[in-house]
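**Q** following is a predicted model, sequence given first.
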Amino acid sequence: MLRQRALLFSRVAMVGDALIVATGFLVSYWLRQGPLRGSFDDVTLFPLKDYLWALVLAVPIWIGMLWRSGIYASLRTKTWVEIAGAILWSGIVTTVVLGTVLFLLKISYFSRTFVILFFSISAILLLFERVAIFGILKVARRKGFNYRTVLLVGTGKVAQNFARLMRSNKDWGFRLIGFMDVEPSRVGHELQGVPVLGGLERLPDLLHERVVDEVIFALPRRFLGHIEDSLWVCEEVGVRAHVILDWYSMKIAKTNLGEFHGIPMLSLTTTPLSEAKLLFKRITDVAGSFTLLVLLSPLFLIIAALIKLTSSGPIFFKQVRCGLGGRKFVFYKFRSMIFNAEERKKELEPLNEMSGPVFKIRDDFRITPVGRIIRKLSIDELPQLYNVLKGEMSLVGPRPPIPEELQKYERWQRRRLSMRPGLTCLWQVNGRNEVDFDQWMKLDLEYIDNWSLGLDFKIMLRTIPVVLTGHGAH
């Protein structure tokens with residue numbers, strides 16, 4: 001029943017948000033066609049019916065992104081920053097998709113002002129809607145409505161921390177009525193001013209005697225076997241039960257509770273959990289690599305001609321590299337060395353200037369004159385845009401190792417394979433070959449642990465001056 005009610009509320013919220021986005025679209029058209037006509041651009045708008053296809057495209061994308069962000073789950077535990085961020089992020093994705101469609105289809109009758117107004121007005125209206133909902137709920141809770149009573153099973157550190165969290169966030173709408181415990185020693189005492197009402201054997205009676213909306217089990221894992229009967233009691237009387245899974249103290253991995261074909265499953269992952277943001281990263285990779293391949297094609301022809309005219313051998317250097325999870329793929333570069341460079345690598349191994357399994361030397365006789373220039377400016381790496389387009393690499397991510405290097409990795413270093421490799425990353429913008437191997441690996445792990453779309457954007461911006469100056473390149 002509770003799940004059905006929550007589902008009903010989320011569907012109502014989706015319909016309301018869809019109407020608000022549609023209202024933002026119509027208001028933006030009216031403003032651009034009326035009061036703001038000719039103020040910012042000279043595009044003459046067509047009749048409204050010619051733009052309705054964009055509204056049909058934009059509304060499901062915006063609502064879908066809001067749903068992916070979790071905004072249609074309970075608002076009790078959402079902060080204003082999370083809500084505003086979800087609304088803005090959803091609007092940005094919608095605007096980018098709409099702009100991409102307009103660009104690819106070469107539709108010129110859309111005004112930039114109209115698109116910006118649509119994004120801004122819709123985002124503001126959605127935020128105001130949430131402000132109104134919060135205000136109404138807050139008033140209702142003050143008058144004794146719209147709160148949920150909670151019984152907390154456990155008296156240890158985890159339970160007390162969770163109780164403190166609930167009591168310090170009263171706007172969540174939870175009211176803690178008491179603790180229960182497996183061990184009877186604390187029964188009759190108070191914790192944080194809240195009574196310990198009894199042991200687990202009293203749970204059936206308490207659920208009959210008191211108004212209890214939710215029971216939260218916050219016990220150490222050694223007591224897991226004690227709560228099965230209590231969970232059945234909660235199920236039998238229709239009270240929602242939760243089990244806090246704070247059993248494993250992971251140093252890096254993030255936890256995520258889901259299910260696999262109906263089987264509850266606790267997942268631990270060190271990589272980003274947001275599928276929506278990872279999807280946007282992939283969309284950016286495809287759009288960016290395709291655009292750059294088209295724009296740089298004249299440069300590719302020039303470089304190819306110079307390589308062919310100044311040294312014997314193929315234009316491209318192909319090598320097997322290890323990508324996501326260690327998957328092998330063919331990696332492309334403009335050839336910057338003599339044609340038999342790999343065969344003569346053993347002669348130079350005593351001169352290796354890098355620590356760890358990576359091979360790098362500053363004055364490598366195998367590099368051709370043209371190769372020295374294109375390596376200095378990182379032009380030799382540009383064919384990897386094709387790897388990005390294919391999905392084997394990303395624009396930003398740890399550099400892909402060769403299989404022989406990977407075999408020599410320490411266990412902690414292999415975690416850099418948990419994200420798709422890239423053209424550039426923190427290593428490239430922090431000295432490249434002037435950074436030792438261990439620091440290089442730590443920079444890659446720092447990128448993975450702190451990944452965001454904003455971080456990708458910053459790295460790409462920082463890559464430009466590094467490439468132009470050739471800083472750290474050998």
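**A** Thanks, I have the structure now. Residues are numbered from 1 along each chain as shown.
**Q** Y386: how many residues sit nearby?
**A** Neighbours of Y386 under the rule other Cβ atoms under 10 Å: 16. Glycine gets a C-beta too; all of them are placed from N, C-alpha and C.
**Q** ok, now which ones touch it?
**A** Neighbouring residues of Y386 by Cβ atoms under 8 Å, 6 or more residues apart in numbering: 289, 293, 332.
**Q** go through those residues and single out the one with the most neighbours.
**A** Greatest neighbour count in these, by other Cβ under 10 Å, goes to S289: 22 neighbours.
**Q** let me know the secondary structure of it.
**A** Counting by DSSP: H, G, I helix; E, B strand; the rest coil, the backbone at S289 sits in helix.
**Q** what residues of stretch 284-301 count as buried?
**A** For stretch 284-301, burial by neighbour count (16 or more other Cβ atoms under 10 Å) applies to 284-285, 287-289, 292-293, 300.
**Q** mind listing residues that contact it?
**A** Here stretch 284-301 makes contact (Cβ under 8 Å, 6+ apart) with 100, 379, 382-383, 385-386, 388-389, 391, 394-395, 453, 456.
**Q** cool, and stretch 12-32?
**A** 45, 48, 51, 54-55, 58-59, 62-63, 66-67, 72, 111, 113-114, 117-118, 121-123, 125-126, 129.
**Q** buried ones among those?
**A** The neighbour count (16+ other Cβ under 10 Å) marks 45, 51, 54-55, 58-59, 62-63, 66-67, 72, 111, 113-114, 117-118, 121-123, 125-126, 129 as buried among the contacts of stretch 12-32.
**Q** sorry, back to before: so of the contacts of stretch 12-32, which ones are in helices?
**A** Members of these lying in helices (criterion: DSSP state H): 54-55, 58-59, 62-63, 66-67, 113-114, 117-118, 121-123, 125-126, 129.
**Q** show me which of the contacts of stretch 284-301 are buried.
**A** Counted by 16+ other Cβ under 10 Å, these give 379, 382-383, 385-386, 388-389, 394-395, 453, 456 as buried.
**Q** same list (these) but as CSV, adding pLDDT.
**A** CSV is the format used below for the buried ones among the contacts of stretch 284-301 (pLDDT from 0 to 100):
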residue, pLDDT
I379, 91
L382, 94
P383, 95
L385, 95
Y386, 95
V388, 95
L389, 94
S394, 95
L395, 95
L453, 88
D456, 92
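**Q** dump the residue contacts of I116.
**A** Listed by Cβ under 8 Å, 6+ apart, I116 has no contact partners.
**Q** ok, V237 next?
**A** V237 neighbours (Cβ under 8 Å, 6+ apart): 204, 207-208.
**Q** quick one: it from E183, how far?
**A** Distance, V237 to E183, by Cβ to Cβ, to the nearest Å: 24 Å.
**Q** check the contacts of V237 for burial and list the buried ones.
**A** Among those, the ones that count as buried by 16+ other Cβ under 10 Å are L207.
**Q** between the contacts of V237, which is nearest T368?
**A** Ranked by distance to T368 (Cβ to Cβ), those are led by L207 at 79.8 Å.
**Q** hang on, isn't that closest one packed against C234?
**A** Yes. Between L207 and C234 there is a contact at 7.4 Å, judged by Cβ atoms under 8 Å.
**Q** any residues in contact with both of the two?
**A** Here L207 and C234 share the contacting residues V215, scored by Cβ under 8 Å, 6+ apart.
**Q** and M460, what does it touch?
**A** Listed by Cβ under 8 Å, 6+ apart, the contact set of M460 reads 395-396, 424.
**Q** could you redo the last one with a cut-off of 10 Å?
**A** Contact analysis of M460 by Cβ atoms under 10 Å, 6 or more residues apart in numbering lists 284, 288, 395-396, 422-424, 429.
**Q** could you check the pLDDT of the nearest residue to N387 once chain neighbours are set aside?
**A** Leaving aside its sequence neighbours, N387 sits nearest to M393 (Cβ to Cβ, 6 or more residues apart in numbering; 4.2 Å). pLDDT for M393: 94.
**Q** can I assume M393 is in contact with R327?
**A** No. Using Cβ atoms under 10 Å, M393 and R327 do not qualify as a contacting pair, with a distance of 11.1 Å.
**Q** ok, so of the contacts of stretch 284-301, who is nearest V187?
**A** Among those, L453 lies closest to V187 (Cβ to Cβ), at 50.9 Å.
**Q** residues contacting that closest one?
**A** By Cβ under 10 Å, 6+ apart, the residues touching L453 are 89, 92, 272, 274, 277-278, 280-281, 284, 396.
**Q** now do V211
**A** With contact taken as Cβ under 10 Å, 6+ apart, V211 is in contact with 148-149, 175, 177.
**Q** next one: it from I244, what distance?
**A** The gap separating V211 from I244 is 22 Å, by Cβ to Cβ.
**Q** likewise D438?
**A** Distance of D438 to I244, computed by Cβ to Cβ: 37 Å.
**Q** so between the two, which is more surrounded?
**A** More crowded of D438 and I244, by other Cβ under 10 Å: I244, with 16 against 12.
**Q** was I right about that one contacting A218?
**A** Yes. The pair I244 / A218 is scored as a contact, 4.4 Å apart, by Cβ under 10 Å.
**Q** find residues that contact each of M393 and R327.
**A** 321, 400, 420-421.
**Q** returning to that earlier point: in JSON lines, list the contacts of Y386 along with pLDDT.
**A** Below are the contacts of Y386 laid out as JSON lines (pLDDT from 0 to 100):
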{"residue": "S289", "pLDDT": "94"}
{"residue": "L293", "pLDDT": "94"}
{"residue": "Y332", "pLDDT": "95"}
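**Q** alpha carbons only: can I get stretch 104-115 in CSV?
**A** Extracted as CSV, the C-alpha positions of stretch 104-115 are listed here (Å, rounded to 0.1, in the frame of the first residue of the first chain):
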residue,chain,number,x,y,z
LEU,A,104,22.5,18.0,-37.0
LEU,A,105,19.2,18.8,-38.8
LYS,A,106,20.5,22.3,-39.7
ILE,A,107,17.3,23.9,-38.4
SER,A,108,17.8,27.7,-38.5
TYR,A,109,14.5,29.1,-37.4
PHE,A,110,15.1,28.5,-33.7
SER,A,111,16.1,31.6,-31.8
ARG,A,112,19.0,31.2,-29.2
THR,A,113,17.1,33.5,-26.9
PHE,A,114,14.1,31.3,-27.1
VAL,A,115,16.1,28.2,-26.1
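**Q** can you flag which of the contacts of L453 belong to strands?
**A** V396 (DSSP state E).
**Q** could I get the contacts of L453 as CSV with distance to R375 and pLDDT?
**A** Formatted as CSV, these follow (distance: Cβ to Cβ, whole Å; pLDDT from 0 to 100):
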residue, distance to R375, pLDDT
W89, 38, 88
I92, 37, 90
P272, 32, 72
S274, 36, 71
K277, 33, 81
L278, 32, 84
F280, 32, 86
K281, 28, 91
T284, 26, 91
V396, 20, 95
